[in-house]
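Trainee: need coordinates for the following:
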Amino acid sequence: MRVLITGAAGFLGSHLCERFLAEGHSVVGMDNFITGNPENIAHLVGREGFQFIRHDVTNYIFLPGPLDAVLHFASPASPIDYLELPIQTLKVGALGTHNALGLAKAKGARFLIASTSEVYGDPQVHPQPETYWGHVNPIGPRGVYDEAKRFAEAMTMAYHTYHGVQTRIVRIFNTYGPRMRLADGRVVPNFIQQSLRGEPLTLYGDGLQTRSFQFVGDLVEGVYRLLLSDEVEPVNIGNPHEFTMREFAEIVNAMTGNPAGTVVKPELRIKDDPQNRQPDISKAKRVLNWEPQVTLQAGLEQTIPWFAEQLRQRGEIK
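Mentor: Numbering: from 1, shown residues only. You can find the predicted model right below:
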């Protein structure tokens, strides 16, 4: 196949580029570097089968030649990003999705949209199945991301039903691994950096919020299987093993040998931050024969050294 991956220089996009190249496909990566990092794909530049185009997908996308699939992963994805870039987040979810779908339609290509567990908002159903419609505050600080993705899902299904585009929707739950940005702002980079510096880990709120952490390799496998499947409606891809933030902090401190413990700062909790987040992956098991294979311990063993090297390069640790 020849595939286009938008957001190719991002954390998830760069890993997807690697996977598709490893499977023998040709990859066109596209990014405008608003949150992506050129270093994430530097090792792919010049590799046979890889082409990169610097472009903002909220503008019309022109790509000559045949195309078999479009994977739309372009978007700010962490609270720190979409709070600083609210308009850009809405535009890439709306205009960017429209342009990417238009390209897929014109090329007769399959289309996969990277949606998110954030479409469930602060859920009143636990764990969250794909049939749950969500509990979202559209005008809250997180609404720009939540609603951008909900709109993107609606437009994707409209292109499927009205234009007959072969569409796929993946709802991604918390994912971590190498190439996450140091300034990402989410809990995995925050905790690992603080622990490597020997600092106490900061708990927002009471620290009893729960999250379910998925290693990036498991996500990529799920996305790859979904693209090649016949499933049109949304599929959760995430790890159902749930941890409180306190439990997760203890695990990170133990793995890094950090004796500093934790500090609770209730005032730092972001409004509308979900109290619980856990995927129901029974559908992924059934239609994709997929479930996560990497334990939290094994995933962190691959992730912590990557963050340590980044901090050493910046002179923040020895």
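Trainee: what separation do you get for residue 291 and residue 157?
Mentor: Distance check for residue 291 against residue 157: by C-beta to C-beta, to the nearest Å, it reads 25 Å. Just so you know, the C-beta spots here come from the backbone N, C-alpha and C atoms, and that holds for glycine as well.
Trainee: tell me where this structure has strands.
Mentor: Using DSSP state E, the strands found in the chain span residues 2-6, 26-31, 50-54, 69-72, 110-116, 167-172, 175-176, 201-204, 210-212, 214-215, 235-237, 242-244, 262-265.
Trainee: counting contacts, what elements does the last one pack onto?
Mentor: Using 3 or more C-beta pairs under 8 Å, 6 or more residues apart in numbering; DSSP states H and E as the contact test, the elements touching strand 262-265 are strand 201-204, helix 245-256.
Trainee: just say which of those is most tucked in.
Mentor: strand 201-204 (a mean of 20; mean count of other C-beta atoms under 10 Å).
Trainee: how far off helix 245-256 does the longest helix seen in the chain point, in degrees?
Mentor: For the chain, the longest helix by residue count, based on DSSP state H, is helix 296-313. Computed by axes from the mean of the first three to the mean of the last three C-alpha atoms, to 10 degrees, the angle separating helix 296-313 from helix 245-256 equals 70 degrees.
Trainee: which residues does helix 296-313 contact?
Mentor: Under the contact criterion C-beta atoms under 8 Å, 6 or more residues apart in numbering, helix 296-313 has outside partners 176-180, 182, 188-189, 192-193, 196-197, 213, 215, 217, 239, 241, 243, 251-252, 255-256, 317-318.
Trainee: and the chain, what are its domains?
Mentor: Following automatic domain parsing, one gets these domains for the chain: 2-175+213-237, 180-211+242-276+295-313.
Trainee: which of those domains sits closest to residue 282?
Mentor: Closest to residue 282 of those is domain 2-175+213-237 (C-beta to C-beta; 7.4 Å).
Trainee: give me the distance between the two termini of that closest one.
Mentor: Domain 2-175+213-237 has an end-to-end distance of 24 Å (C-alpha to C-alpha, to the nearest Å).
Trainee: what average pLDDT does it get?
Mentor: What domain 2-175+213-237 shows for mean pLDDT is 97.
Trainee: how much space between the closest residue to residue 57 other than its chain neighbours and residue 119?
Mentor: Counting by C-beta to C-beta, 6 or more residues apart in numbering, residue 57 lies nearest to residue 96, which is 4.1 Å off, once chain neighbours are set aside. Noted for residue 96: a distance of 17 Å to residue 119, by C-beta to C-beta.
Trainee: cool, and residue 69?
Mentor: Distance, residue 69 to residue 119, using C-beta to C-beta: 22 Å.
Trainee: settle it for me: which of these two has more neighbours?
Mentor: Higher neighbour count among residue 69 and residue 119: residue 119, with 25 against 21, using other C-beta atoms under 10 Å.
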